[in-house]
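**Q** I would like to see how this sequence folds:
(2 chains)
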Amino acid sequence: MPDTQALVMTFLTSLKNATARQTAELLRSVISQQRVPYTNQAGALIDAVKAVGEQLIAANPVELAVGNIVRRVLHIIREEDLSLTTAAIGELNLSAVSDDENDDDRDGNTTLSAAAVAAAARSTLRPPSLQTLLEDTPVSAAVPQTSSSGAADKSSRSRKLKHDVIEAVNELIQDIVTCHEQIAEQAVEHIHQNEVILTLGSSRTVSEFLFAAKEKKRSFRVFVAEGAPRYQGHLLAKELVARGLQTTLITDSAVFAMISRVNMVIVGAHAVMANGGVIAPVGMNLVALAAQKHAVPFVVLAGSHKLCPLYPHNPEVLLNELRSPSELLDFGEFSDCMDFGSGSGSPLLHVVNPAFDYVPPKLVSLFITDAGGHNPSYMYRLIADYYSADDLVVQRRAIAGN
Amino acid sequence: MDSRRSSRAVIDPKVRQVGFFTSAPLPPDRTQSDPPDPIRSPPLADASSPGNSLSPVMIPPPRHPSDSLLRLPHSPSDAFPPPSPTTTTTSLGDFSDDVTAASSPPPAAARVRGRGSSVKQQGAASSFPGGGFEVPPSVKAPSSVPASGLTTVSVVKLPPGISENAGGSVSVEVQSDRALNSKPLKEKTSKAERRAIQEAQRAAKAAAKAEGIKTPAVTALANAKSAKSTKPSPQRNDSAVVVAASEKKGGDRSVEKDRKKDVPHPRMQYDDKSRVQKLKKRSVVKPTEARNRVELFRHLPQYEHGTQLPVLQSKFFQLDTLHPAVYKVGLQYLSGDICGGNARCIAMLQAFQEAIRDYSTPPAKTLSRDLTAKISSYVSFLIDCRPLSVSMGNAIRFLKSQIAKIPISLSESEAKATLHSDIERFINEKIILADRVIVKHAVTKIRDGDVLLTYGSSSAVEMILQHAHELGKQFRVVIVDSRPKHEGKLLLRRLVRKGLSCTYTHINAISYIMHEVTRVFLGASSVLSNGTVYSRVGTACVAMVAYGFHIPVLVCCEAYKFHERVQLDSICSNELGDPDSISKVPGREDINHLDGWDKSENLQLLNLIYDATPSDYVSLIITDYGMIPPTSVPVIVREYGRGQLWIYEECDPLASPGRCSDAVFFVDGLIFYPSQHLVLSFWFPDRPPSGLNNDLLERSDNFVTVAENGNFTNFEL
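**A** So this is what the prediction gives:
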């Protein structure tokens, strides 16, 4: 069943904005359909989610939001399991107080569990530290053990874990859905009267952000770079005008010329990497460099589902996607030049049409997420709140598991 | 003392302004503090430290015509007496001597020699052709007088009294405009007096100018005489140096004024309602104003596009004042059939050529005045069709100055022939040959295995790429293109046809593609004197990203496109294209969000045509005078950009050494200007610079080593 759904997902990955939510919904159904064994429930759920997640990620590795959601769900499972365990230990402690017989045995059990809980708690609270990474194996071994030992006899608990996880995933979905509003709420703090804002392409987060500021009676002008070759700027311009904002549509090449008259650049992102770098629609690096040259703040809006716990390596190439040349050149127009069969065999004409740009963290002034504004240098810590260190490499674990 | 030589001496100062201008901004008091230097350093002894002796301020003037050349080195000690009344009187005496005798050796020659001797030690004099030395002194007599190096310099720069010896026709030509400049120089009076005289002269000049060319020279002379007569004023009691300084200042100012005249008056600001109204009354095209104008660009014309063309076409028979060739070019500008700086400029000049050919002076009018007015009306028509580019502005300036220079004695047909050949020469030398030289220079910067990026479509860059390909260099071209013009597609097509391996992408992908690029070649519409490259919009983006990736950016631009204007941003001066071309994406029918955009009040579409690339991003500017850093642009502008033509005879250092007096020549065709810290490559049209005996041994960023007769000299750059 997960397989069919994964196939559905691959079809849907083209819809960027919805992917995060769809992934979460898919994983929710995966979890709800997963039969949970009596022992090691969390482990079983994790395995199931990882198996699906691996497929999803492999289907479109560039769509980092998918991987992010898979990791988020894994993290949720771990957290819920942990909280259940703590609750169970609390119960056990209570029962230990009530029953006086078999003291030493119980004692031994509780102390063991307490240690495991402490370790687990440490691992959730401070995931990226070297110590937790080193302790990683014993902890993950200990967590299933405690859960199995604590919950082996109670089938209600197994249902409770699954229920809790689904609840939490629902919350995650809710977060993804409402992240625009949460980000937009901060708009008035950042946009003042008569501000001139430049943006590139179109992003729902950005348009909501601008609308929110407009609704708060701020009047400002917006320069929209059209964002060739997708020309989403046209769409954004249309939306902004419909809301009564003073909008000027410019070509991408005029960004440098106009940026000197701009107070702030506000853009959306495709993904935010752990180092604070941004994967964004193509052309963004140009805008960021121009903004830096003119000391214009470069603000990136990103919902927390776009925070990716990976550190990028050569992102311009490895996290990029080359789209069809037909967006730039008509095939008919250059059919005589694109002849592969003639002459030396290597074609004279190449057309490069990448989809994404990488903006290094030093060019970003501020990230605004649904959790507030952050510096690029803080992103790694923010990311640590959402992901557990165990899940950073979903694929390899999953492959090993499979 | 033949007239030919004298004329050359008259031409000389043009270049010698270089030296002068470097010191010009100095306040006069600084020159006063300087004199000890030259006294201490006679040129001969000073050869090892060229910095001192090469400064134009310190070149000793010859005092008497009878002075042998050998005596000259010693003259500075005499020439720079401590400012005391006695010496002043002696210098005064000298002055009158010179005036009456009109026989002081030409300061130009002195300067050349002084420089030559200091740089090249003994051999200098012989290394220069004698011509420069024997310039008839009479030319410079009146004001070469005050016995200080400073004065001489200024005199050298602006020889007055030119009108006296209107010898050959060449000299007449040059004189006529020189004389205008030199007038204010001659006063040696108090400030107030000078100002008054200047005012009078200005008025006289204006009047004289209106009357023709010959007259101003006469009035200049008269003015000079009157100035001289006021000389024995209290002012004269000051030291000679002060006089020199003040005179220098005066000269400076006049030059500034002269330059100001050259600068096209402030561009039309279209937010100035009254002027726009006036303009509308004049204009033929009558464009309708665009509805959704971009607030930031109110000062630029924003008209509906596409409406003028039919109107103009229907008006063809009403526009009888307009020459058909000009009309045709105007329509071609309007429709965008001709675009690109060079193409537009050549088309315009050729249209003017035809117009001049068919021109006949109306009765009771002079050719120079009427033709200038005619050309002006053509130009304003062309501006209505599309704003002028800087290159066209320069070409028009050149043409007008050539018209103004036509001696009144010339018959109409002769004058027309002269103008015709002048235009022809401008096209050939400033554009076609210049491009060839640029190609020659630029090809040396292409190595095997290079990946060259270019943006848009520049004719110069295209020639470079094709030439390099013909030379068999192995390289790949990345063509970056942008909306809405997609000029790169045409370039791509032409290059691929020629068999070059090309990669095509759009400007947003520049950061992606820049990883593999090794050189960036850009064209330019204009290079401004602060080093700013004014070019097709997007050039700045490309240059910025290349700079960020530490990839050299080479801008290819003919020197006739240089302009003394400065610009910091792309807003104050620009051109706006048709906004409709932004809302429509050809070939992408799905992008139709902005159909009917002009109905909504809040939406503006901005189609900028140009942008300004800051000079920091430019590593090198390749021009017909060589490869220069952007900081050297003002030097080129000042030296060559003043509307005069780069004429071989004139610039050939062998023929006119004075012109390059502060330069060191190298056998390989380089000229080194120590005072400018500039190495220019020199272009000899037909013969090698055989008479030059400097060898360029080494040239690095910091110094140039020159060998001359077994002696080595290091010049720091």
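
**Q** Please make it C-alpha for all contacts and neighbour counts, starting now.
**A** Will do.

**Q** What's opposite B:V553 in the beta bridge?
**A** B:V553 forms beta bridges with B:V520, as assigned by DSSP bridges.

**Q** That one and B:S615 touch, don't they?
**A** No. Using C-alpha atoms under 8 Å, B:V553 makes no contact with B:S615, being 10.4 Å away.

**Q** any idea which helix or strand carries B:M544?
**A** Secondary structure from DSSP states H and E places B:M544 in helix B:539-548.

**Q** ok, residues contacting that helix?
**A** Residues from elsewhere that reach helix B:539-548, judged by C-alpha atoms under 8 Å, 6 or more residues apart in numbering or on different chains: A:253, A:255-257, A:286, A:289-290, B:455, B:507, B:510-511, B:514, B:520, B:522, B:552-553, B:611-614, B:617-618.

**Q** check contacts around A:R323.
**A** Applying C-alpha under 8 Å, 6+ apart, the residues contacting A:R323 are A:V352, A:N353, A:P354, A:A355.

**Q** mind listing what the first one touches?
**A** So that's A:V352. For A:V352, the contact set (C-alpha under 8 Å, 6+ apart) comprises A:L322, A:R323, A:P325, B:T503, B:Y504, B:T505, B:A509, B:I513.

**Q** Just name whatever secondary elements the longest helix along chain A is in contact with.
**A** Longest helix in chain A by number of residues (criterion: DSSP state H): helix A:64-98. In terms of contact count using 3 or more C-alpha pairs under 8 Å, 6 or more residues apart in numbering or on different chains; DSSP states H and E, helix A:64-98 is assigned the packing partners helix A:16-33, helix A:41-59, helix A:103-125, helix A:130-151, helix A:155-185.

**Q** Give me the PyMOL select line for the contacts of A:V352, limited to the buried ones.
**A** Applying 16 or more other C-alpha atoms under 10 Å in any protein chain shown to those leaves a buried subset, and the PyMOL line that selects it is:
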select buried, (chain A and resi 325) or (chain B and resi 503+504+505+509+513)
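
**Q** Where does pLDDT dip in the stretch 201-350 of chain A?
**A** Scanning the stretch 201-350 of chain A with the threshold set as pLDDT under 70 gives A:335-346.

**Q** Contact distance from chain B - what residues of the stretch 301-402 of chain A qualify?
**A** Within reach of chain B by C-alpha under 8 Å from any C-alpha of the partner chain, the stretch 301-402 of chain A has these residues: A:316-317, A:328, A:330, A:334, A:337, A:347-354, A:357.

**Q** now, which of the residues you listed lie within strands?
**A** Among those, the residues falling in strands (DSSP state E) are A:L349, A:H350, A:V351, A:D357.

**Q** Count residues in the vicinity of the first one, would you?
**A** Applying the criterion other C-alpha atoms under 10 Å in any protein chain shown, we find 23 residues in the vicinity of A:L349.

**Q** which residues in the stretch 251-400 of chain A form strands?
**A** Using DSSP state E, counting those that start in this stretch, the strands of the stretch 251-400 of chain A run over A:264-268, A:271-272, A:278-281, A:298-301, A:349-351, A:356-359, A:366-369, A:372-374.

**Q** Tell me which of the ones you listed is the most buried.
**A** When those are scored by mean count of other C-alpha atoms under 10 Å in any protein chain shown, the highest mean neighbour count falls to strand A:271-272 (a mean of 30).

**Q** Please enumerate residues in contact with that strand?
**A** Taking contacts as C-alpha under 8 Å, 6+ apart, the residues outside strand A:271-272 that touch it are A:L64, A:A65, A:V278, A:I279, A:A280, A:A302, A:K306, A:L307, A:C308.

**Q** of those, closest to chain B?
**A** The shortest gap between chain B and any of the contacts of strand A:271-272 belongs to A:A280, at 11.5 Å (C-alpha to the nearest C-alpha).

**Q** among the contacts of helix B:539-548, which are in helices?
**A** Secondary structure defined by DSSP H assigns A:V255, A:F256, A:A257, A:L286, A:L289, A:A290, B:I510, B:S511 of these to helices.

**Q** surely the fourth one meets B:M514?
**A** No. If you go by C-alpha under 8 Å, A:L286 and B:M514 don't touch, sitting 11.4 Å apart.

**Q** who has more neighbours, the two?
**A** Neighbours per residue, other C-alpha under 10 Å: of A:L286 and B:M514, the larger number sits with A:L286, 25 against 22.

**Q** Now do the contacts for the more buried one.
**A** Taking C-alpha under 8 Å, 6+ apart as the criterion, A:L286 is in contact with B:N508, B:I510, B:S511, B:C541, B:V545.

**Q** In those, which residue is surrounded by the most others?
**A** Compared across the contacts of A:L286, B:N508 has the highest neighbour count, 31 neighbours, by other C-alpha under 10 Å.

**Q** give me every residue that touches the nearest residue to that residue once chain neighbours are set aside.
**A** Once its chain neighbours are removed from consideration, B:N508 has its nearest residue in A:G283; the separation is 3.9 Å (C-alpha to C-alpha, 6 or more residues apart in numbering or on different chains). For A:G283, the contacting residues are A:L200, A:G227, A:D252, A:F356, A:D357, B:I507, B:N508, B:A509, B:I510, B:S511, by C-alpha under 8 Å, 6+ apart.

**Q** at 7 Å what do you get?
**A** The neighbours of A:G283, taking C-alpha atoms under 7 Å, 6 or more residues apart in numbering or on different chains as the test, are A:D357, B:N508, B:A509.

**Q** Between these, which sits nearest B:V477?
**A** B:A509 (15.1 Å; C-alpha to C-alpha).

**Q** how many other residues sit next to the residue nearest to A:A290 when sequence neighbours are not counted?
**A** Using C-alpha to C-alpha, 6+ apart and skipping residues adjacent in sequence, the residue nearest A:A290 is A:F256, 5.7 Å away. When counting by other C-alpha under 10 Å, one arrives at 29 neighbours for A:F256.

**Q** Quick check: the gap between A:F256 and A:L198.
**A** When distances are taken as C-alpha to C-alpha, to the nearest Å, A:F256 and A:L198 turn out to be 11 Å apart.

**Q** Also B:K473?
**A** B:K473 is 43 Å from A:L198, where distance means C-alpha to C-alpha.

**Q** picking up where we left off before, of the contacts of A:R323, buried ones?
**A** Buried positions within the contacts of A:R323, assessed by neighbour count (16+ other C-alpha under 10 Å), are A:V352, A:N353, A:P354, A:A355.
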